[in-house]
Structures are given as structure tokens and as C-alpha cells.
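Student: could you work out the structure for the sequence below:
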Amino acid sequence: MKKIILILLILNIWTTAFTQDLTYSSSDMGAVGDLFYTRELQLDTADWIPADSIDPQMWNFSSLQPNQSGTIEILSKNEFPELDTLPESTMVMQNKDNSYTCLNLENNILYLLGMLIDMDGTMFPVLLDPAPEYLHFPLTIGEGGSESINHQIQGTPGDFGLTIPLHDSVRFDINVTASTMVEDTGTVTTLQYAYPAFKVSNSTIFEVDLYGKPSYGGWYLMQNDAVIDSTKGLQFYTPTYGVPVVEIQMSWQNEIQHMRMIDEDPQSIVSIHQSNIDLYPNPIKAQQTLHFSQTLSDVAIFDMNGRLIIRRTSPVAQIKLPNLPEGVYILNSTNLVKPKKIVIQ
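Tutor: Here you go, the predicted structure:
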């Protein structure tokens, strides 16, 4: 079962870190369409790092050399038919495990609207009505709490890819316990920068019981704790971004398993919104011509490590691609309000 990680807090905080005031207002929040490029470090079990080896107030991660690249994007609920009943302002965040968290900020309260869970390749919404109040604003150090969520998903065995003879229905009873706490302020240091920041701890315990209903008879418990999973993590926020500048996933023994940091290289990070300019064909093969639905100026194409591949300073309506390896590339232009992804097959 995929993990559920709550990875977004939209904050409005007044506190002090090393004599510098940090102000988090609604203008600092992430918005649908924002895209951030990241550097990630995925550790093998034998290489996990004790979290307490990080100085408690000078959170220095500059020695942890990343071995992967990635992105954080705030998606619209309109990209998911399963979420059509949620408000237009819903922010959908993809977690590392292909699950999604749905959040909405209203009247200084951040609501957890639910999750979208990948269950063996099928996406199932776990929508909460009424939506619990996840966090209140403004925040202060020491504020936080926990929320217990109970939800049921019911259907035929075939709906879940199961084969259970003589059974008409199955039901998953899902229990989620999530806690969040604003712990401290300090300075977070990554590969490229140091910012005053504050630390938020969070944990999620995810349990699923499986019930069955035979063709003749009532519901019965088929398997207790058919799925049991949990996550524990830290997030570090600065006023610069609407999402955590550093995220850490830990074991329950406080060992760092995975971390990702936003890359501040100006060619590798943006926080801007949707555009209606199209690229075609996309996906595309190497050495083919990539066309634009309108002329673009100062076009640049980068790989996912931020390396510049192509630049055209004069206005162009198309670009002939060189012989590039298969993968995802990023196109940016002064005409675009959001960089475009190019997939080379």
C-alpha cells in the first residue's frame, strides 16, 4: 500500500529566528500551477543517517550530496475526475509514492479534504466530509495536533483486482492518524543557500482492515491490518517558497531515509503559473523538430540536472532537437509563465 504523506502547509506566521523576523502571509502560499525543481537523496537501509546528527538550530544539509532529481508541482483538482466534487481552489500535491493529498485554505484554516490513493494501479479517492481542520493560522512554535480519520471504500472484488470466490462485495476500512507540530526556528543550509526557517514535524499512521461479504451472509473481517504503514518526517519552511524548502523522511528510530531540497539555481527552479502555449509533437523523438503553437523568444532547453542543452535568443516557432538521450527535459522562454516538459522517447 502506498504511503500517505502530508507534505503541504500554507502558513501565516510571525516569530523570530536569530533576531530576524519571519513573516508568512497568504501571499507566501503555494498555488495551483507552481512548479519547483528539486535535488533528492535516497539512502539505502545500511546508509541511513541519524537525524540527531543535524545541529538542532543550524540545520545544515550541505554535506548530503543528492543522487536524484525531481519536481514538486501543485496540481489542479480538475486533472483528476475522481476529485470533481472538491472546490475549485483545491490544491493537489503528489507525494513521492504516487499518492496525492488534497488541501484547501479558507478563512485562515487549512482543511484536509482527503487523499487520492493508488491501490494496485487503480486510483481511489478518500474524501472527508466534513473536512477536518488540519492547521490554524497564524502559527506559533508549539502549535499543532493530531487528527484521526476513518473512511470506507466498498465495491466488488473485481473493482480492486481481487478474485474471491462466492463473494459479492469487499470493503476496506481505512484508518489514518496524522499529527503535526511546529517545533522550532533556526537556519536551514542546503547546497546553495542558507535561510532563516522553522521546523515542522509530522507523522502518519495508515492502517487498513479488509472485510468480505459472501453471496449469502453478512460482512465479516477477512484480514485485520491487511495494510499497515507509517511515515515520520520533518519539513523546513522559509518565506521564499510556498512549499517546504527541505523535506526529510525518517524511520521511527529517527534515521534519515530520504530528503529533498528545492534547487535555487535560476535555471532549475521556478514558481510560476499555467500557460496555454502548446508544444508538438510531445512526446517526441530525438533529432526531430519541436513546434510551438506561437512564436517564442529567448528559448532554453535544460535537462533535469539543470544543464543547458539549447538556447535560441531570437524569436523562433520551432527547434530541431539534437541527438539527446531519452528522458524528460524542460523548455523555458520569456513568453511562458510556466516551463514546459518535453518527453524524448
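Student: every contact and neighbour count from this point should use C-alpha atoms.
Tutor: Fine.
Student: not counting its neighbours along the chain, what's nearest Thr101?
Tutor: Closest residue in space to Thr101, ignoring its immediate chain neighbours: Met115 at 4.7 Å, by Cα to Cα, 6 or more residues apart in numbering.
Student: next: Gln65.
Tutor: Closest to Gln65 by Cα to Cα, 6+ apart is Leu41, at 6.8 Å.
Student: ok, now Ser297?
Tutor: Closest to Ser297 by Cα to Cα, 6+ apart is Pro315, at 4.3 Å.
Student: ok, back up a step: count of neighbours near the residue nearest to Thr101?
Tutor: For Met115, the neighbour count with other Cα atoms under 10 Å is 24.
Student: ok, Asp303 next?
Tutor: 19.
Student: on the pLDDT front, check Ser268 for me.
Tutor: Ser268 is assigned 41 on the pLDDT scale.
Student: could you do Trp14 as well?
Tutor: 28.
Student: what lies in contact with stretch 81-92?
Tutor: 31-32, 74-78, 100-104, 113, 124-125 (Cα atoms under 8 Å, 6 or more residues apart in numbering).
Student: roughly how far is it from the heart of the chain?
Tutor: Here stretch 81-92 shows a centroid-to-chain-centroid distance of 16 Å under the convention Cα atoms, centre = their mean, to the nearest Å.
Student: now the end-to-end length of it.
Tutor: End-to-end span of stretch 81-92 (Cα to Cα, to the nearest Å): 13 Å.
Student: cool, stretch 206-221 as well?
Tutor: 18 Å.
Student: quickly list what Thr38 is bridged to.
Tutor: For Thr38, the beta-bridge partners are Gly70, Ile262 (DSSP bridges).
Student: what helices and strands are in contact with the host helix or strand of Arg171?
Tutor: Under the criterion of DSSP states H and E, Arg171 resides in strand 167-189. When contacts are defined as 3 or more Cα pairs under 8 Å, 6 or more residues apart in numbering; DSSP states H and E, strand 167-189 packs onto strand 14-17, strand 58-60, strand 144-155, strand 194-214.
Student: what helices or strands is the last one leaning on?
Tutor: The reference is to strand 194-214. Partner elements for strand 194-214 (3+ Cα pairs under 8 Å, 6+ apart): strand 14-17, strand 20-23, strand 167-189, strand 220-237.
Student: still on that earlier bit, which ones are touching the residue nearest to Gln65?
Tutor: Leu41 neighbours (Cα under 8 Å, 6+ apart): Leu64, Gln65, Pro66, Asn67, Gln68, His258, Met259, Arg260.
Student: domain boundaries for this structure, per the record?
Tutor: 14-164+179-202+232-262, 279-344 (automatic domain parsing).
Student: next, format the ones you listed as JSON lines and append distance to Gln223.
Tutor: Listed next are the domains of the chain as JSON lines, based on distance: least, Cα to Cα, whole Å:
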{"stretch": "domain 14-164+179-202+232-262", "distance to Gln223": "13"}
{"stretch": "domain 279-344", "distance to Gln223": "41"}
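Student: now render the helices and strands packed on strand 194-214 as CSV, adding distance to Ile141 and mean neighbour count.
Tutor: Shown next, in CSV, are these (distance: least, Cα to Cα, whole Å; neighbours: other Cα atoms under 10 Å):
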stretch, distance to Ile141, mean neighbour count
strand 14-17, 8, 16
strand 20-23, 12, 14
strand 167-189, 5, 19
strand 220-237, 13, 18
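Student: Ser333: which of those is closest?
Tutor: strand 220-237 (28.7 Å; Cα to Cα).
Student: my read: Met222 touches Gly212, true?
Tutor: Yes. Counting by Cα atoms under 8 Å, Met222 touches Gly212, with 6.0 Å between them.
Student: ok, back up a step: which of the domains of the chain has the lowest average pLDDT?
Tutor: For the domains of the chain, where the average pLDDT is lowest is domain 14-164+179-202+232-262, sitting at a mean of 77.
Student: off-centre distance for it?
Tutor: 6 Å.
Student: one step back: just the angle between the strand or helix carrying the residue nearest to Thr101 and strand 144-155, please?
Tutor: Here Met115 sits within strand 109-119, counting by DSSP H and E. Inter-element angle recorded for strand 109-119 and strand 144-155: 40 degrees (by axes from the mean of the first three to the mean of the last three Cα atoms, to 10 degrees).
Student: whichever helix or strand comes after strand 109-119 - contacts with which helices or strands?
Tutor: Using DSSP H and E, the helix or strand that follows strand 109-119 towards the C-terminus is strand 122-127. Counting contacts by 3+ Cα pairs under 8 Å, 6+ apart, strand 122-127 is packed against strand 109-119.
Student: sheet partners, orientation included, of the strand it packs on?
Tutor: strand 100-106 (antiparallel), strand 122-127 (antiparallel), strand 133-136 (antiparallel).
Student: tell me the most buried of the ones you listed?
Tutor: strand 100-106 (a mean of 21; mean count of other Cα atoms under 10 Å).
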